[in-house]
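A.B. asks: can you look at this prediction? I've put the sequence above it.
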Amino acid sequence: MKKLLIACFLVLLAHPAMAQVNVDDIELDDGSAAPRSVTPAARPRFLNNWVLGGAVMQWSEEMRYRQAGLTKRGVANFNSMILQASKEYTFYRFGWSVGGFVGSGKANGDSPGLYQEGNIVYSVLGAQIRAFYRLTGRVNFGTTVLLFNRNFAWPDATGITAESGKNPNINGVVDMNLRLFNNWDFYKGIGPMAEGTTMWKIGLNYRY
(Lines give C-alpha, C1' and ligand atoms only; values in the text may rest on other atoms or scores of the structure.)
Protein backbone atom coordinates (compact mmCIF):
# COMPACT_ATOMS: atom_id res chain seq x y z
CA MET A 1 0.00 0.00 0.00
CA LYS A 2 2.85 2.33 0.85
CA LYS A 3 4.46 1.66 -2.56
CA LEU A 4 1.18 2.44 -4.33
CA LEU A 5 0.89 5.83 -2.55
CA ILE A 6 4.47 6.71 -3.51
CA ALA A 7 3.78 5.82 -7.18
CA CYS A 8 0.64 8.00 -7.26
CA PHE A 9 2.56 10.90 -5.72
CA LEU A 10 5.26 10.65 -8.42
CA VAL A 11 2.62 10.62 -11.18
CA LEU A 12 1.01 13.79 -9.79
CA LEU A 13 4.38 15.54 -9.69
CA ALA A 14 5.17 14.55 -13.25
CA HIS A 15 1.81 15.69 -14.71
CA PRO A 16 2.33 19.53 -14.49
CA ALA A 17 5.78 19.21 -15.95
CA MET A 18 4.37 17.31 -18.93
CA ALA A 19 1.69 19.95 -19.47
CA GLN A 20 4.30 22.72 -19.80
CA VAL A 21 6.40 21.20 -22.55
CA ASN A 22 7.39 23.90 -25.08
CA VAL A 23 6.62 23.12 -28.70
CA ASP A 24 10.06 24.49 -29.59
CA ASP A 25 11.66 21.69 -27.52
CA ILE A 26 9.83 18.93 -29.39
CA GLU A 27 11.77 17.20 -32.13
CA LEU A 28 10.36 15.16 -34.97
CA ASP A 29 11.69 11.74 -35.97
CA ASP A 30 14.13 13.34 -38.46
CA GLY A 31 15.59 15.61 -35.76
CA SER A 32 13.94 18.84 -36.96
CA ALA A 33 11.89 21.08 -34.68
CA ALA A 34 8.13 20.76 -34.70
CA PRO A 35 6.39 23.57 -36.66
CA ARG A 36 4.80 26.26 -34.56
CA SER A 37 1.40 27.75 -35.39
CA VAL A 38 1.63 30.84 -37.63
CA THR A 39 -0.86 33.70 -37.45
CA PRO A 40 -1.44 35.32 -40.90
CA ALA A 41 -0.01 38.83 -41.09
CA ALA A 42 -2.57 41.62 -41.32
CA ARG A 43 -2.69 43.52 -44.61
CA PRO A 44 -0.90 46.86 -44.17
CA ARG A 45 -3.19 49.89 -44.09
CA PHE A 46 -0.71 52.22 -45.76
CA LEU A 47 1.05 51.24 -49.01
CA ASN A 48 3.39 53.04 -51.37
CA ASN A 49 4.76 52.13 -54.79
CA TRP A 50 6.88 53.55 -57.57
CA VAL A 51 5.06 53.58 -60.91
CA LEU A 52 6.82 53.73 -64.29
CA GLY A 53 5.02 53.71 -67.62
CA GLY A 54 4.41 54.94 -71.09
CA ALA A 55 1.36 56.59 -72.59
CA VAL A 56 -0.15 58.18 -75.66
CA MET A 57 -1.41 61.71 -74.96
CA GLN A 58 -3.56 63.41 -77.56
CA TRP A 59 -5.37 66.72 -77.50
CA SER A 60 -6.77 69.45 -79.74
CA GLU A 61 -6.44 73.20 -79.53
CA GLU A 62 -8.19 76.09 -81.17
CA MET A 63 -5.92 77.59 -83.84
CA ARG A 64 -5.88 81.25 -84.78
CA TYR A 65 -4.68 82.63 -88.14
CA ARG A 66 -3.99 86.30 -88.74
CA GLN A 67 -3.80 87.75 -92.24
CA ALA A 68 -4.03 91.42 -93.21
CA GLY A 69 -5.46 92.34 -89.82
CA LEU A 70 -8.15 89.64 -89.96
CA THR A 71 -8.33 86.62 -87.60
CA LYS A 72 -9.71 83.25 -88.62
CA ARG A 73 -9.98 80.10 -86.52
CA GLY A 74 -9.32 76.42 -87.04
CA VAL A 75 -8.26 73.30 -85.09
CA ALA A 76 -4.77 71.99 -84.29
CA ASN A 77 -4.15 68.36 -83.28
CA PHE A 78 -1.30 67.17 -81.04
CA ASN A 79 -0.21 63.53 -80.72
CA SER A 80 2.43 62.70 -78.09
CA MET A 81 4.31 59.66 -76.81
CA ILE A 82 5.41 60.16 -73.21
CA LEU A 83 7.36 58.37 -70.48
CA GLN A 84 6.13 58.94 -66.94
CA ALA A 85 7.18 58.18 -63.36
CA SER A 86 5.31 58.76 -60.11
CA LYS A 87 5.20 57.84 -56.44
CA GLU A 88 1.86 56.38 -55.36
CA TYR A 89 0.41 56.18 -51.85
CA THR A 90 -2.66 54.21 -50.75
CA PHE A 91 -4.50 54.38 -47.42
CA TYR A 92 -7.35 51.86 -47.22
CA ARG A 93 -9.46 52.64 -50.33
CA PHE A 94 -8.10 56.14 -50.95
CA GLY A 95 -4.89 57.04 -52.71
CA TRP A 96 -2.85 59.75 -54.40
CA SER A 97 0.26 60.04 -56.52
CA VAL A 98 2.74 62.71 -57.60
CA GLY A 99 4.99 62.47 -60.64
CA GLY A 100 6.20 63.84 -63.93
CA PHE A 101 6.46 63.01 -67.61
CA VAL A 102 8.53 63.82 -70.67
CA GLY A 103 7.95 63.06 -74.34
CA SER A 104 7.65 64.25 -77.89
CA GLY A 105 5.10 64.28 -80.66
CA LYS A 106 3.83 65.77 -83.89
CA ALA A 107 1.31 68.55 -84.44
CA ASN A 108 -0.99 69.19 -87.39
CA GLY A 109 -2.77 72.41 -88.22
CA ASP A 110 -5.15 72.89 -91.11
CA SER A 111 -7.42 75.60 -92.38
CA PRO A 112 -8.60 74.75 -95.91
CA GLY A 113 -7.52 77.31 -98.46
CA LEU A 114 -5.63 79.40 -95.91
CA TYR A 115 -3.01 77.51 -93.89
CA GLN A 116 -1.79 73.91 -93.77
CA GLU A 117 1.13 72.52 -91.77
CA GLY A 118 1.63 68.92 -90.67
CA ASN A 119 4.00 66.64 -88.74
CA ILE A 120 5.67 69.48 -86.88
CA VAL A 121 7.82 67.92 -84.14
CA TYR A 122 7.57 69.24 -80.58
CA SER A 123 8.68 68.18 -77.09
CA VAL A 124 6.60 68.16 -73.91
CA LEU A 125 7.58 68.25 -70.23
CA GLY A 126 5.14 68.20 -67.34
CA ALA A 127 4.06 67.26 -63.82
CA GLN A 128 0.94 65.45 -62.67
CA ILE A 129 -0.97 64.93 -59.42
CA ARG A 130 -3.62 62.20 -59.11
CA ALA A 131 -6.23 61.35 -56.44
CA PHE A 132 -8.25 58.13 -56.67
CA TYR A 133 -10.67 55.76 -54.94
CA ARG A 134 -10.26 51.97 -55.10
CA LEU A 135 -13.48 50.18 -56.00
CA THR A 136 -11.74 46.80 -55.73
CA GLY A 137 -8.18 45.56 -55.39
CA ARG A 138 -7.79 45.84 -59.17
CA VAL A 139 -9.90 48.83 -60.22
CA ASN A 140 -9.73 52.46 -59.15
CA PHE A 141 -11.23 55.68 -60.46
CA GLY A 142 -9.83 59.15 -59.97
CA THR A 143 -8.87 62.48 -61.41
CA THR A 144 -5.50 63.83 -62.53
CA VAL A 145 -4.31 67.40 -62.83
CA LEU A 146 -1.59 67.94 -65.45
CA LEU A 147 0.70 70.95 -65.75
CA PHE A 148 2.83 70.81 -68.89
CA ASN A 149 4.79 72.92 -71.30
CA ARG A 150 5.27 72.18 -74.99
CA ASN A 151 8.28 73.48 -76.88
CA PHE A 152 6.59 74.41 -80.12
CA ALA A 153 5.76 77.21 -82.56
CA TRP A 154 3.76 77.22 -85.80
CA PRO A 155 5.77 78.30 -88.84
CA ASP A 156 4.61 81.43 -90.63
CA ALA A 157 3.21 81.19 -94.14
CA THR A 158 3.23 84.00 -96.72
CA GLY A 159 1.46 86.90 -95.06
CA ILE A 160 -0.04 84.59 -92.39
CA THR A 161 0.89 84.08 -88.76
CA ALA A 162 -0.54 81.17 -86.76
CA GLU A 163 -0.78 80.30 -83.07
CA SER A 164 -2.71 77.91 -80.84
CA GLY A 165 -3.16 77.12 -77.18
CA LYS A 166 -0.86 78.52 -74.56
CA ASN A 167 2.13 77.68 -72.35
CA PRO A 168 2.04 76.40 -69.73
CA ASN A 169 -1.10 74.26 -70.00
CA ILE A 170 -3.14 73.20 -66.96
CA ASN A 171 -5.68 70.48 -67.54
CA GLY A 172 -7.70 67.90 -65.60
CA VAL A 173 -8.84 64.44 -66.70
CA VAL A 174 -11.15 61.84 -65.19
CA ASP A 175 -9.40 58.47 -65.33
CA MET A 176 -9.51 54.76 -64.59
CA ASN A 177 -6.71 52.39 -63.59
CA LEU A 178 -7.18 48.64 -64.17
CA ARG A 179 -4.76 46.04 -62.74
CA LEU A 180 -4.03 43.54 -65.52
CA PHE A 181 -1.37 41.47 -63.75
CA ASN A 182 0.38 41.66 -60.38
CA ASN A 183 2.62 44.55 -61.45
CA TRP A 184 1.04 45.83 -64.68
CA ASP A 185 -1.81 48.39 -64.96
CA PHE A 186 -3.85 49.76 -67.85
CA TYR A 187 -4.64 53.46 -67.60
CA LYS A 188 -7.16 55.61 -69.47
CA GLY A 189 -8.15 59.25 -68.93
CA ILE A 190 -10.26 61.86 -70.72
CA GLY A 191 -10.94 65.51 -69.98
CA PRO A 192 -11.79 68.89 -71.50
CA MET A 193 -9.06 71.23 -72.66
CA ALA A 194 -9.48 74.99 -72.79
CA GLU A 195 -11.48 76.47 -75.66
CA GLY A 196 -13.88 73.51 -75.85
CA THR A 197 -11.36 70.84 -76.95
CA THR A 198 -10.58 67.42 -75.46
CA MET A 199 -7.55 65.50 -74.13
CA TRP A 200 -7.05 61.72 -74.19
CA LYS A 201 -4.41 59.79 -72.27
CA ILE A 202 -4.00 56.01 -72.61
CA GLY A 203 -1.06 54.01 -71.28
CA LEU A 204 0.48 51.02 -69.55
CA ASN A 205 2.21 51.26 -66.14
CA TYR A 206 4.56 49.00 -64.17
CA ARG A 207 4.54 49.27 -60.37
CA TYR A 208 7.11 48.05 -57.88
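C.D. replies: Arrived safely.
A.B. asks: the helix or strand of the chain with the lowest mean pLDDT: what's the following helix or strand?
C.D. replies: Every helix and strand of the chain was ranked by mean pLDDT, DSSP states H and E. The lowest is helix 2-19, at a mean of 46. The helix or strand immediately downstream of helix 2-19 is strand 46-67, counting by DSSP states H and E.
A.B. asks: from Ile129, how far out is the residue positioned nearest the centre of the chain?
C.D. replies: By C-alpha atoms, centre = their mean, the mean C-alpha position of the chain lies nearest to Val51, the distance being 5.8 Å. Val51 sits 13 Å away from Ile129, going by C-beta to C-beta, to the nearest Å. (Each C-beta comes from the backbone N, C-alpha and C, glycine too.)
A.B. asks: joint contacts of these two?
C.D. replies: Common contacts of Val51 and Ile129, defined by C-beta atoms under 8 Å, 6 or more residues apart in numbering, comprise Ser97.
A.B. asks: thought Leu125 was touching Leu147?
C.D. replies: No: at 9.9 Å, Leu125 does not count as touching Leu147 under the criterion of C-beta atoms under 8 Å.
A.B. asks: number of residues surrounding Val102?
C.D. replies: 13 (other C-beta atoms under 10 Å).
A.B. asks: what's the pLDDT at it?
C.D. replies: With respect to pLDDT, Val102 has a value of 98.
A.B. asks: enumerate every residue touching it.
C.D. replies: Here Val102 is in contact with 82-83, 123-126 (criterion: C-beta under 8 Å, 6+ apart).
A.B. asks: dump these into JSON lines; add pLDDT as well.
C.D. replies: Listed next are the contacts of Val102 as JSON lines, based on pLDDT from 0 to 100:
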{"residue": "Ile82", "pLDDT": "98"}
{"residue": "Leu83", "pLDDT": "98"}
{"residue": "Ser123", "pLDDT": "97"}
{"residue": "Val124", "pLDDT": "97"}
{"residue": "Leu125", "pLDDT": "98"}
{"residue": "Gly126", "pLDDT": "97"}
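A.B. asks: list only buried entries from the residues you listed.
C.D. replies: 82, 124-126 (16 or more other C-beta atoms under 10 Å).
A.B. asks: farthest pair in the residues you listed?
C.D. replies: Ile82 and Leu125 (9.4 Å; C-beta to C-beta).
A.B. asks: quick one: common contacting residues for those two?
C.D. replies: Common neighbours of Ile82 and Leu125 (C-beta under 8 Å, 6+ apart) are 101-102.
A.B. asks: follow-up on the earlier one: out of the contacts of Val102, who's nearest Tyr208?
C.D. replies: Nearest to Tyr208 among those: Leu83, at 15.8 Å, using C-beta to C-beta.
A.B. asks: quick one, phi psi at the closest one?
C.D. replies: phi -110, psi 140 (degrees, to the nearest 10).
A.B. asks: roughly how far does it sit from Val174?
C.D. replies: For Leu83 relative to Val174 (C-beta to C-beta), the value is 23 Å.
A.B. asks: could you list the low-confidence segments of this structure?
C.D. replies: Applying pLDDT under 70 to the chain picks out residues 1-44, 112-113, 194-195.
A.B. asks: let's see that with 50 instead.
C.D. replies: By pLDDT under 50, the low-scoring segments of the chain are 2, 4-5, 8-29.
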